[in-house]
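In: requesting a structural model of the entry that follows:
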Amino acid sequence: MTAQQGLDNNELDQEKTIADYLRTHPDFFSRHTQLLSTLKIPHHAGDAISLVEYQVSALREQKKRLERELKTLISVARDNDQLSKYMHRLTVALMETATLNEIVQVVQESLRNDFNADAVALRLFIDNLDDASSLPENIVTERNHPSVSEFEKILNDTKPVCGKFRQSQMEYLFSEQHEEIKSAALIPVSGTTYTGILAIASHDKDRYHAGMGTLFLQYIGDLLSCTLRPFIEEKEHE
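Out: Numbering: from 1, shown residues only. Have a look, this model is predicted:
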């Protein structure tokens, strides 16, 4: 029994309808090439050969696309693996710090050396500067200072933001270096009595952009927040 003989009348009618449609729309598979990878087409002499060749060509293109996607996934996996190693190294280094100055130094060196930042800035917004005399002066601002309002939205959202920022924001964070900054990642840090911004910047306008992933940036922000908290809050309550 042939495959066609095993069909009932309804199925035969459907096949005839399909065949008639394909006959009057010979460009159907040009518009639906994804179907070719699922069809079973006998390789007989005649016009079917061109269709088989077309199917093979479509499968080759699909294979190339999948290979490209696989290479991309492998590259991302390698990058994430390297970033994980850098995060581990930063975590260990921060655990060994004994002062706020050491924390700032460790973070700056890690971001510059491991994360390839061209510039790094940390600004902490403290409730009462009278209780923060031992903190590095260049990173501390009173919490109600007008400059803090420049970062209000970022601080309220508590999520890293990447891209290009206002000149006034870059000038506050990077002082005389701000004209060289073309893109940046701003990472909120926070505690009970303070908030802050860790800024990582680049001279490349495409290095940090709105569409990039921020998972590791969030990790850095959380890690820094936890490391800073006992130093600042215990000092303020002494």
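
In: helix, strand, or coil at residue 219?
Out: Look at residue 219: counting by DSSP: H, G, I helix; E, B strand; the rest coil, its state is helix.

In: now for it, how many residues are close by?
Out: Other residues lying near residue 219 total 17 when counted by other C-beta atoms under 10 Å. The way it works is simple: take the backbone N, C-alpha and C, and place the C-beta from them, glycine included.

In: again, but for residue 188
Out: Residues contacting residue 188 under the criterion other C-beta under 10 Å number 22.

In: touching the helix or strand harbouring it from outside, list them.
Out: Here residue 188, judged by DSSP states H and E, is contained in strand 183-190. With contacts defined as C-beta atoms under 8 Å, 6 or more residues apart in numbering, strand 183-190 is touched by 122, 124, 151, 154-155, 157-165, 169-170, 173, 195-202, 204-209, 214, 217-218, 220-221, 224-225, 228.

In: what lines up beside it in the sheet?
Out: Here strand 183-190 has these sheet partners by DSSP bridges: strand 161-163 (antiparallel), strand 194-202 (antiparallel).

In: now the last one: how far from the chain's centre is it?
Out: Taking C-alpha atoms, centre = their mean, to the nearest Å, one finds strand 194-202 lying 18 Å from the centre of the chain it belongs to.

In: 25 is where my numbering starts, stick with that
Out: Noted, 25 is the first residue going forward, which turns the last one into strand 218-226.

In: could you dump that strand to PDB, C-alpha only?
Out: The C-alpha trace of strand 218-226 is given here as PDB (Å, rounded to 0.1, in the frame of the first residue of the first chain):
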ATOM      1  CA  TYR A 218      24.200  57.000  54.100                       C
ATOM      2  CA  THR A 219      23.800  56.400  50.400                       C
ATOM      3  CA  GLY A 220      26.300  56.800  47.600                       C
ATOM      4  CA  ILE A 221      27.400  56.300  44.000                       C
ATOM      5  CA  LEU A 222      30.200  54.100  42.700                       C
ATOM      6  CA  ALA A 223      31.000  55.300  39.200                       C
ATOM      7  CA  ILE A 224      33.000  53.300  36.700                       C
ATOM      8  CA  ALA A 225      33.800  55.300  33.500                       C
ATOM      9  CA  SER A 226      35.400  54.800  30.100                       C
END
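
In: list the buried residues of stretch 200-216.
Out: Residues of stretch 200-216 classed as buried by neighbour count (16 or more other C-beta atoms under 10 Å): 202, 205-215.

In: hmm, I was thinking of stretch 245-258
Out: Quick answer for stretch 245-258 (16+ other C-beta under 10 Å): 245, 247-249, 251-253, 255-256.

In: ditto for stretch 119-139
Out: So, applying 16+ other C-beta under 10 Å, buried residues of stretch 119-139: 121, 124, 127-128, 130-132, 134-135, 139.

In: off-centre distance for it?
Out: 23 Å.

In: what are the contacting residues of that stretch?
Out: 110, 113-114, 117-118, 141-142, 144, 146, 158-160, 163, 222, 224, 244, 248, 251-252, 255-256.

In: leaving out the residues flanking it, which one is nearest to residue 182?
Out: residue 212 (5.2 Å; C-beta to C-beta, 6 or more residues apart in numbering).

In: what does residue 245 give?
Out: The shortest distance from residue 245 to any non-neighbouring residue, by C-beta to C-beta, 6+ apart, is to residue 211 (4.1 Å).

In: low-confidence ranges, this structure, go.
Out: Low-confidence segments of the chain (pLDDT under 70): 25-31, 60-76, 152-161, 258-262.

In: which residue is nearest the centroid of it?
Out: Closest to where the C-alpha atoms of the chain average out (C-alpha atoms, centre = their mean) is residue 237, at 1.1 Å.
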